[in-house]
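*Asks:* Need coordinates for the following:
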Amino acid sequence: MSANRGLRLALIPITIAVLIALAVALGLALSSGKVDRAAELARLPGLPSVAPVLTAPPSLSEMDAARARNAAVPFVKGPISPAPRFAFKGSAEDRHRAAECLALAAMAEAGPSDIGQRAVIQVVLNRVRHPAFAKTVCGVVFQGSERATGCQFTFTCDGSLARRYSDSAWLQARIRAGEALGGYVFKPVGLATHYHTDWVYPYWSPELDKLAKIETHLFFRWPGFWGTRAAFSAAYRGGEPDPATLFGDAAAILTEAAPMPTPVPDAPKIDSGTVVMRNTGGKANFILLAGTATADALAAARAVCNQPGTCRVLGWTDPAAIPQSFPIPPAARAALQFSYTRDPSGSEIVLYGCGHFAGVLREQCIPRAR
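*Replies:* Here you go, the predicted model:
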């Protein structure tokens, strides 16, 4: 027994030494892992520091060839994890600038498409929270626009800033931008930080995870850690730069040919609900919605229905979609964002367009035809 006890006692220092060595090795491994993360980030394909070179538009045959190459790259398997809700923290001026930059990018990159604009907006906000990109919305949108060789969003340096957009186009794009800044998440593109049209084939395209196709755009995330939710660790703290300072040589073009529109309020709201068509019997009141607050929409409807009896109020965000009278045509019905009905007893039924209003219970969503 004493011999065995002596052996055990002799092994204690050896065991402690081994444990210390393992701890040191583990510490070095963890330390080297941190260094490797930084090195990985610097080696990622498609970084904003490497702007794409602007070239002449491809020919039809080149576009067809690019589509074939893109089609050969498979989409990632499994579910697409949605991005977290964007937590806006900033001043009224920050919100105005961020919304304008988002709206401009959405229109320039996706045209009038609702899902196309929402996908572009989501990519911009994903980039804001990724350490590889600028830390402000306008900074991301105009990143690289000062370089003569190219930019991250080509509309900022290919002459597209000279385009003009209608008041209706600005209204719709601003609404989508405001919704995203308020926490709306466009889930189909997940944590995508890159996209391109299907008729081009950037060098980085096959090196990234292909997530989704929205109309003619393909959306991608980085593989490995830098494409996971944990990588999107940059906190947004406002400090949006003046967009006019980010345009570089395009500033004069924008100022003269396509000035930024007039500011919108920090928190979108409805003053009273602009009545577009009022039925004296109370059964067909159409209003224009100018914000995303459910309480404001409800208050606007109650202000219209300020007399006893049956009253119905329907609301749209697009003035062009508002019908002239009943019956409501299919296109107007599809664009409807708010419905309020009050019966003679005072009971109310309120429904919302859940693609426009955030945080609405499912049973209060306007049913949509599928």
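*Asks:* how about the strands of the stretch 201-350 of the chain, start to end?
*Replies:* Per DSSP state E, counting those that start in this stretch, the stretch 201-350 of the chain carries strands over the ranges 209-214, 217-221, 274-277, 285-288, 311-316, 338-342, 348-352.
*Asks:* So what angle separates the directions of the first one and strand 217-221?
*Replies:* So the one you mean is strand 209-214. Orientation of strand 209-214 against strand 217-221 (axes from the mean of the first three to the mean of the last three CA atoms, to 10 degrees) gives an angle of 150 degrees.
*Asks:* show me where pLDDT drops low in the stretch 201-350 of the chain?
*Replies:* For the stretch 201-350 of the chain, the stretches with pLDDT under 70 are 246-283, 324-326.
*Asks:* rerun at 50
*Replies:* Where the stretch 201-350 of the chain drops to pLDDT under 50, the residues are 248-272, 280.
*Asks:* Also the stretch 51-200 of the chain?
*Replies:* Looking at the stretch 51-200 of the chain by pLDDT under 50, you get 53-54.
*Asks:* for it, what spans make up the helices?
*Replies:* Along the stretch 51-200 of the chain, counting by DSSP state H, counting those that start in this stretch, helices occupy 60-72, 92-110, 114-128, 137-141, 167-181.
*Asks:* Point out the most buried one among those.
*Replies:* helix 137-141 (a mean of 27; mean count of other CB atoms under 10 Å). C-beta: built from backbone N, CA, C; applies to glycine.
*Asks:* mind checking the end-to-end distance for stretch 351-367?
*Replies:* End-to-end distance of stretch 351-367: 9 Å, with CA to CA, to the nearest Å as the criterion.
*Asks:* Pull the residues that contact that stretch.
*Replies:* Residues outside stretch 351-367 that contact it (CB atoms under 8 Å, 6 or more residues apart in numbering): 175, 179, 182-184, 289, 292, 294, 297, 317, 336-340, 350.
*Asks:* For these, work out which two are farthest apart.
*Replies:* Using CB to CB, the two most remote members of the contacts of stretch 351-367 are Gly183 and Tyr340, lying 24.0 Å apart.
*Asks:* Tell me which of those two has more neighbours.
*Replies:* Each of Gly183 and Tyr340 has its neighbours counted (other CB atoms under 10 Å); Tyr340 has more, 24 against 13.
*Asks:* Ser347 is in contact with the more buried one, correct?
*Replies:* No. Look at Tyr340 against Ser347 with CB atoms under 8 Å: they stay out of range, at 11.7 Å.
*Asks:* export the strands of the stretch 201-350 of the chain to a markdown table and tack on distance to Cys138?
*Replies:* Shown next, in a markdown table, are these (distance: least, CB to CB, whole Å):
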| stretch | distance to Cys138 |
| --- | --- |
| strand 209-214 | 23 |
| strand 217-221 | 22 |
| strand 274-277 | 30 |
| strand 285-288 | 28 |
| strand 311-316 | 30 |
| strand 338-342 | 31 |
| strand 348-352 | 30 |
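*Asks:* Leu191 is nearest to which of those strands?
*Replies:* Closest of the strands of the stretch 201-350 of the chain to Leu191 is strand 217-221, at 4.9 Å (criterion: CB to CB).
*Asks:* got the domain boundaries for this protein?
*Replies:* Segmentation of the chain into domains, based on automatic domain parsing, reads 43-257, 274-364.
*Asks:* what's the most buried one of those?
*Replies:* domain 43-257 (a mean of 18).
*Asks:* now that domain, how far from the centre of its chain.
*Replies:* Relative to its chain's centre, domain 43-257 lies at 9 Å (CA atoms, centre = their mean, to the nearest Å).
*Asks:* Can you give the distance of stretch 334-347 from its chain's centre?
*Replies:* Its chain's C-alpha centre and that of stretch 334-347 lie 30 Å apart, by CA atoms, centre = their mean.
*Asks:* Endpoints of that stretch, how far apart?
*Replies:* Note: stretch 334-347 ends 26 Å apart using CA to CA.
*Asks:* distance of Ser91 from Gly239?
*Replies:* According to CB to CB, to the nearest Å, Ser91 stands 9 Å off from Gly239.
*Asks:* same thing with Val73?
*Replies:* 37 Å.
*Asks:* Apart from its chain neighbours, what residue comes closest to the residue nearest the centre of the chain?
*Replies:* Compute the mean C-alpha point of the chain, and by CA atoms, centre = their mean the closest residue is Gln122, 2.0 Å away. Excluding the flanking residues, the one nearest Gln122 by CB to CB, 6 or more residues apart in numbering is Phe186, at 4.2 Å.
*Asks:* Might you report the residue contacts of the one you found?
*Replies:* 115, 118-119, 121-122, 180.
*Asks:* next one: Val200
*Replies:* Taking CB under 8 Å, 6+ apart as the test, what Val200 contacts is 58, 63, 66.
*Asks:* try it again with 7 Å
*Replies:* By CB atoms under 7 Å, 6 or more residues apart in numbering, Val200 lies in contact with 58, 66.
*Asks:* To Gly78, which of the helices of the stretch 51-200 of the chain lies closest?
*Replies:* Each of those has some distance to Gly78 by CB to CB; the shortest is helix 114-128, at 18.8 Å.
*Asks:* who's in contact with that closest one?
*Replies:* Counting by CB under 7 Å, 6+ apart, 83, 86, 102, 105-106, 109-110, 133, 135-137, 140-141, 173, 176-177, 180, 186, 189, 191-193, 195, 214-215, 217, 219, 232, 236 sit against helix 114-128.
*Asks:* For Ala290, see how far away Thr317 is.
*Replies:* Distance from Thr317 to Ala290, by CB to CB: 8 Å.
*Asks:* ok, now Phe225?
*Replies:* 42 Å.
*Asks:* likewise Ala65?
*Replies:* Going from Ala65 to Ala290 by CB to CB gives 46 Å.
*Asks:* same question, Asp114
*Replies:* 18 Å.
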